[in-house]
Each structure stands twice: as structure tokens, then as C-alpha cells.
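# Make a model of this:
(2 chains)
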2 protein chains.
Amino acid sequence: MNLPQGFLLSGIHCGIKRRKPDLGLIYSKDSCCAVGFFTTNVNPSYSVTVSKKNINNPIKAVLVNSGNANCFSHTKGLKDTEQIIGSLAKKLRVQKKNILFASTGVIGKNLPRNKIIKSFGHLLNGLETDVYKFASSILTTDTAKKISLREVGPVRILGFAKGAGMICPRMATMLGFVLTDAKVSRSFLKQIAKEVIEESFNSISVDGCTSTNDTVFILSSGKVALKKTQLNAFKRGLKEVCLELAKMIVKDGEGVTKFIELKIQGAKTSQEAKQAGLALANSVLFKCALYGEDANWGRIIAALGQAGIKVNENICIKATSLKRREIVITVDLKRGKASWNFYTSDLTPQYVKLNAEYS
Amino acid sequence: MNLPQGFLLSGIHCGIKRRKPDLGLIYSKDSCCAVGFFTTNVNPSYSVTVSKKNINNPIKAVLVNSGNANCFSHTKGLKDTEQIIGSLAKKLRVQKKNILFASTGVIGKNLPRNKIIKSFGHLLNGLETDVYKFASSILTTDTAKKISLREVGPVRILGFAKGAGMICPRMATMLGFVLTDAKVSRSFLKQIAKEVIEESFNSISVDGCTSTNDTVFILSSGKVALKKTQLNAFKRGLKEVCLELAKMIVKDGEGVTKFIELKIQGAKTSQEAKQAGLALANSVLFKCALYGEDANWGRIIAALGQAGIKVNENICIKATSLKRREIVITVDLKRGKASWNFYTSDLTPQYVKLNAEYS
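Numbering: from 1, shown residues only, chains lettered A, B, ... in the order given. Down below sits the predicted model:
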């Protein structure tokens, strides 16, 4: 798989987890421009706090760790984070402000600062054009690497994600990294990214829980020129990458046995359609019914009503066979002409068991 | 168990369910005054619609059925409901407007109107002062009858509830019937009931799902005089009955193995404290951790943050042993002086299995 020009990747084990890869790096040969989307959780990870501060600067590297959320480990946490970033900046001969940081894992435990700093030599030595080690280093309870690639003319768009649990869209419910070499302005990237993220990472839910660490970075090295006529294709490509990753996250959700595409139609506004999708995706009872392959549409009526969406008796609900692993459920509210697609999963005994023994 | 004066009860099997009792009646010898609290779900049961219309009238009887929600069974549903109420009114020689109706069960199926109407003779013949048949007739997946009694001087306060699933407080997440013979004004009853309900039935959650049928009726026959000095004791008694029933609902929640009392302290306002309790009670991940007896307090931080409650690092979280069946978790937010108690349960594989095969 060919990396977009201008980037290198690395992924190693530094000792946050017992054995699996737990530290990743995205390195931009020259500085790149970045757009970021962050969790709306008001108790965010220190990594989110620092990245929010730095996102508008030219970016040299993105450090990612898994196995520790770097969140709520007392004031020391923010200091540790600054030290880690400072140390990496020194190694790369840039400033702290040119580095982004994303973390995922258990909340409330101090990041092993020294272990991480000591491993930077190893991490930088590992920089390569291969994508798999980095893709592995960002995972937690995921059972598979999540990578998506599109090419638009000479331009490449390559995305990585990690998901599994605490997945509910309020930007972005997981970690996502999308690299491209397209030479586009930051303002253009920001504008199209917002729309793309809304229809992909912000249209999924596994368990209705918005994590403290959700982050998506879109990085552009600007190495490859793009014709004006290719801008739409680029946007389409970016959306395909983000949507593919978002679907991978749902499919690999903890304990998931069913992937459900909710096609909400006939809503008054697209906002209402999205809200209807979210209400169903976060209804514990609806998700249990899907696990049981039980066409209990009363659960849909109740969930929509709880969310304030009054349905009339013309409502039309259709689904492909509930016995399949991938199910499409079309809900036509017959209230208007707007629509939205939302992606979710069933809720299973396995999800409960996994999360009963997480920490 | 002695019924408050002025009331009689009945509970029979009429054929909505295969075998179990499914039709109940509360009969007021003279008319009684009633206060009602209804679901905020905007797709309510026809029984809710009709009861909301009638609640301000003198009430002669409350009809209750279990096994069918009487909700969203096409326009015929409302007509059927009116016919059922009309037929009962005729039997009792009162008007339709003097009857309340509450239903619980599967959504989207027509109520077997004729079966119900034909059984009214049997239902009225069964009127008695015994409480158990009525208490049984209102249950669905509940494993036990829910009855609570307090005596305040000569006054009796007797409550019944049914719960089990679709339990999330936005009035009232279940059916509740509280009878008293206290002679109090309707406006006084209304005023104290609002506060009492807020701290009892509206402070519980099993699964975050607000049903289409939630209803609590408080009925007063006015048969027994109450001294002014007893009004506070009466309010306390009413609260005890409602809180006891509310806790019974959580303890008997579908698949529940743990009852959790959340004592939220140090909040800025009692509203904020309640919101914090609700956020924890509805966090799927927090509830899974409790099932696993896993003291993963990061889940508390994440859930509070998702609900917009920023916590500082002084936050103090204490819990009695997670190994016990009843757990008290105290969360001191250290932001202010307000507090609220909230009641919830764990989320278990058994809950998922039960609800995978409900309809």
C-alpha cells in the first residue's frame, strides 16, 4: 500500500501495554497542514488539550499511543504530556507547537512518561513507508487493523482508524488519521472535512458513549498538485476513505454480530433524519432486538418518540433479512423529503462481558 | 394488607396474555380526585392520550391492562380505546370522562377489544379489598409484585408498580398507582406529588429507554380527615411509598444483578446533581463495569464529561464493595453544595438475551 508522498510511519512497542504495539508516529518530511476534529466530552484527554492548542500550526509529527487514555491522571498528566511532546520536538529539531498527540486506552492512569521518551530513538529509527506497524500501534480492543486508501488521479488519500468501544458520534468517537499528498489550501480542506466527517465518523454509534479522547486528524503534505476539476473527486475520495473507516469501526465494535445501516428518509430536515438515526442507534432495546433477529418495530416507534420525533401511522419500515450479518433498515418517516444514513450495531451479551472486565 | 378506604380492586385474566392475569381495575366507591404523570415520549399509547384528557375530572375507575401497550396499532387503536372506556363507563353508570386507562406491553398490536369488553362482568364481580390479584394483573416481565404501604395516623397510602424494562425517568418510565384515603385538596396533592415523583420514579433508570406508556396515577378518595399538623408526615409517607416502589422497579429490572444507589454530592445545583446521576445511570459502559465488579472510575469521568459536567481533579469517588448485590456509590463533584440520589442497575448479558427475544 503506497503512502501519500511526504509522509513516513512508524509503530513500536514501548511498554504501555504488555506486549502489543502501543506507540505510533506519523512523520511529515516537510511540515504539513492539519485539520482536527475533537471530542465534545468536557473532560478531555491531555492529548486532546495539547493537540487543540497546536492544530493551527504547521505540523511535523503526530504521536499516538494506545493502552492509556492520558486522561484524568491528576495535574501531573498535563505536565507529563508537555514533557513528552517537548522531548519529541527536540529529537525532531522542531518546536512543541509543531506536534500533535492522540491517545486511547484506560482513563485515570499516568502515562509512563519515561518509557515513552526513552523509546523515541527506536520509534524514529522505525520510520518507513510501510503502513501496517503504525496501523497496529493505535489499536486497543479492535480485532483488526482499519486502513482505507483511495487514489484521485496522482493524489493519494490514506486513512487509519481505531475504534471498538465508547463509540458515539460527537466528534469523533475514536481515533482517525487521514493522510494525503494533495496540494489543497487549509481552508478548503477544513471546509470539505467538516461535511465529510459529519456524514462518516459522526454518523456512527456502537454504544452511545462519547469518549474523552476522540480525535480525527486530516493531514496534507501538499506534495502533489491537484487540478481544479479534480477537487470534487478529491472530496468524494476523502469521504469514501472516512466512511469506509467509520463502517470498519462499527463492524469491529465490541461484541458486535450485526452491522446495521439505517436509511432514514422522509424527514423534515436532514438534521431531523440524523437525529432519528442517532436515537435508534443509541436505543439499548432496539439493539438487543437486532441481536435477537426480532422484528420488534415497536422499539423504533418508542425510540423515535423518546427523541421527540412524532411519527404518523403512514411510517414505512423495511429491512433486509435480520438473519444476515449486514442489515439495511429503511425508515420512511413520511414527514418531508430529507434523509440521512447512520451506521450502528447490535448490542450483545459479548459486549457486556468484554466491558465488564475491561480495566 | 388494608386498602385505603373508599377503594376496591380487581385483577383477572381476560386473554391478552396466554395465561397470566392481564386486566386490572381500581374502583372508587364514590368518585376520587386524581393526579397523573405521563411519559414525555411523543408517540404515546392511546391509553395515555385518553387518560391525559380525563385526568382533571372526578375519577370512578382506573382500568389497567398488561401484555399490550395499546400503542401505534393504527387509527383503529384510538377508536377501540374509546369503545372500551365507553363500555366500562356504561357498566359503572358514569361517563367516559370519569375513567382512566393505563396499558403496558408490546407496541404496535391491536388491543383485543371484544375480549376486554366481554370480561367486564367478571372483572367487576371480582372487586375486593385484597391487593394481590390487582398487583399481579399489571405485571409484564416483572418477576415480583411491587406493593408499598405506609400509614400516617389513620390515613393509608398504598402503592403498586410494574417495571422491568424500558425504564428511564422522564415521567415515569413504568406504571404506578398510589391510592390514599387522605382528605387533601387536589391542588395540595398535585403540588407535593410533583416533588415526590421527581425524587422517586423520575430518579431511576434501568436502560435509558423512555417508554410510550409511562404513567403514574395518585388517587385520593378523601374518606379520612387529616390534621394540618399531619400534612408533612403525609408527604413523607407518600414519598416513602413512591421511592420504595421506584427502588423495587430497579431491583427487578430485566437481568439486573446489582442495585446501585448513586449519591451525587458537591454539585452546583440539584439539577446538575440529578443530571450527573442520570448520565451515569444511562452509561452502558459504566453499567457493564458494575456487572463485572470492576472499579473502573474512568467510566464515571467519561460519562460525566459526555453530559457536559466538567470535573476537577479533587473529585472524590467512593463505593461500598462492588461484590455486594446492593452498592452505594458516592460521587462528590466538589463544585458546590447541592446533591441528588439516583437509582440504577448494572447491565448484564441476561438483559440483552431477554430483550433479544421479547416480542
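
# ok, residue A:135 - contacts?
For residue A:135, the contact set (Cβ atoms under 8 Å, 6 or more residues apart in numbering or on different chains) comprises A:11, A:145, A:146, A:147, A:160. From N, CA and C alone the C-beta is placed, and that goes for glycine too.

# can you pick the most crowded of the residues you listed?
Within the contacts of residue A:135, most neighbours by other Cβ atoms under 10 Å in any protein chain shown means residue A:160, with 27 neighbours.

# Secondary structure element holding that residue?
According to DSSP states H and E, residue A:160 maps onto strand A:155-162.

# same check, this time on residue A:108
Applying DSSP H and E, one finds residue A:108 in no helix or strand.

# What is the burial count for the closest residue to it other than its chain neighbours?
Spatial nearest neighbour of residue A:108, chain neighbours left out: residue B:298 (4.4 Å); criterion: Cβ to Cβ, 6 or more residues apart in numbering or on different chains. Counted with other Cβ under 10 Å, the neighbours of residue B:298 add up to 25.

# Surely residue B:298 is in contact with residue A:70?
No - using Cβ atoms under 8 Å, residue B:298 is not in contact with residue A:70; the gap is 11.3 Å.

# picking that back up, what pairs with the helix or strand that the strand holding residue A:160 is followed by, parallel or antiparallel?
Next helix or strand after strand A:155-162 toward the C-terminus (DSSP H and E): strand A:175-182. As defined by DSSP bridges, the strand partners of strand A:175-182 come to strand A:155-162 (antiparallel), strand A:215-224 (parallel).

# can you give me how far the last one is from the chain middle?
From the chain centre to the centre of strand A:215-224 is a distance of 15 Å (Cα atoms, centre = their mean, to the nearest Å).

# cool, the shortest one as well?
When distances are taken as Cα atoms, centre = their mean, strand A:155-162 is centred 11 Å away from the chain's centroid.

# ok, now stretch A:287-297?
27 Å.

# Torsion angles phi and psi at residue A:259?
Per-residue torsions, residue A:259: phi -100, psi 130 (degrees, to the nearest 10).

# Equivalent analysis for residue A:302, please.
According to degrees, to the nearest 10, residue A:302 has phi -60, psi -40.

# what does residue A:123 give?
Dihedral angles for residue A:123 - degrees, to the nearest 10 - are phi -60, psi -40.

# quick one: contacts for the residue of the stretch 51-200 of chain A found nearest chain B?
With Cβ to the nearest Cβ as the measure, residue A:107 is the residue of the stretch 51-200 of chain A nearest to chain B, at 2.6 Å. By Cβ under 8 Å, 6+ apart, the residues touching residue A:107 are A:69, A:71, A:72, A:212, B:297, B:298, B:299, B:301, B:302.

# now it, nearest residue through space, not along the chain?
Counting by Cβ to Cβ, 6+ apart, the residue nearest residue A:107 is residue B:298, at 2.6 Å.

# Report the buried residues of stretch A:101-121.
A:101-109, A:111-113, A:116-117, A:119-120 (16 or more other Cβ atoms under 10 Å in any protein chain shown).

# I'd guessed residue A:339 sits against residue A:270; true?
Yes - Residue A:339 is within contact range of residue A:270, at 6.9 Å (criterion: Cβ under 8 Å).

# quick revisit: mark which of the buried residues of stretch A:101-121 are part of helices, please.
A:113, A:116, A:117, A:120 (DSSP state H).

# got the contact list for the third one?
The neighbourhood of residue A:117, defined by Cβ under 8 Å, 6+ apart, consists of A:83, A:84, A:87.

# any idea which of the residues you listed has the most stuff around it?
residue A:84 (25 neighbours).

# and the stretch 201-350 of chain A, which of its residues are near chain B?
Counting by Cβ under 8 Å from any Cβ of the partner chain, the stretch 201-350 of chain A comes close to chain B at A:207-212, A:282-285, A:288-289, A:291-299, A:301-306, A:308-311, A:313, A:347-350.

# Let's see which of those residues end up in helices.
Of these, the ones assigned to helices by DSSP H are A:284-285, A:288-289, A:291, A:298-299, A:301-306, A:349-350.

# out of the residues you listed, which is most surrounded?
residue A:302 leads those on contacts (other Cβ under 10 Å) with 30 neighbours.

# nearest residue to that residue other than its sequence neighbours?
residue B:212 is the one closest to residue A:302 (Cβ to Cβ, 6+ apart), at 5.1 Å.

# Burial check on the one you found, number of neighbours?
Residues near residue B:212, counting by other Cβ under 10 Å, number 28.

# isn't it right up against residue B:47?
No - the criterion here is Cβ under 8 Å, and residue B:212 misses it with residue B:47 at 9.6 Å.

# Mutual contacts of those two, please.
Jointly contacting residue B:212 and residue B:47 under the rule Cβ under 8 Å, 6+ apart are residue B:71.

# Tell me the buried residues in stretch A:148-164?
For stretch A:148-164, the neighbour count (16+ other Cβ under 10 Å) marks A:148-150, A:152, A:155-164 as buried.

# would you put the C-alpha positions of it in CSV?
The C-alpha coordinates for stretch A:148-164 follow below in CSV (Å, rounded to 0.1, in the frame of the first residue of the first chain):
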residue,chain,number,x,y,z
SER,A,148,-8.6,2.7,3.7
LEU,A,149,-6.9,4.0,0.5
ARG,A,150,-8.3,6.0,-2.5
GLU,A,151,-6.4,7.4,-5.4
VAL,A,152,-7.7,10.5,-7.2
GLY,A,153,-5.5,10.9,-10.3
PRO,A,154,-2.0,11.2,-8.9
VAL,A,155,-3.2,12.0,-5.4
ARG,A,156,-3.4,9.5,-2.6
ILE,A,157,-5.7,9.6,0.4
LEU,A,158,-4.8,7.1,3.1
GLY,A,159,-6.7,6.7,6.3
PHE,A,160,-6.3,4.7,9.6
ALA,A,161,-8.7,4.3,12.5
LYS,A,162,-9.1,2.6,15.8
GLY,A,163,-12.5,2.0,17.4
ALA,A,164,-14.2,-0.8,19.2
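
# Please tell me how far the closest residue to residue A:312 other than its chain neighbours sits from chain B.
Residue nearest to residue A:312 in three dimensions, not counting chain neighbours: residue A:334, with 6.4 Å by Cβ to Cβ, 6+ apart. Noted for residue A:334: a distance of 14 Å to chain B, by Cβ to the nearest Cβ, to the nearest Å.

# Residue most distant from the centroid, chain A?
In chain A, residue A:313 marks the outermost C-alpha relative to the chain mean, sitting 37.0 Å out by Cα atoms, centre = their mean.

# Test for you: state the pLDDT assigned to the closest residue to it other than its chain neighbours.
Among residues not flanking residue A:313 along the chain, residue B:74 sits closest, at 5.2 Å (Cβ to Cβ, 6+ apart). Looking at residue B:74, its pLDDT reads 73.

# Repeat that for residue A:359.
60.

# picking that back up, now the phi/psi pair for the residue nearest to residue A:313, please.
According to degrees, to the nearest 10, residue B:74 has phi 70, psi 160.

# So for stretch A:17-35, what gets flagged as buried?
Result for stretch A:17-35 [16+ other Cβ under 10 Å]: buried residues A:17, A:21-28, A:31-35.
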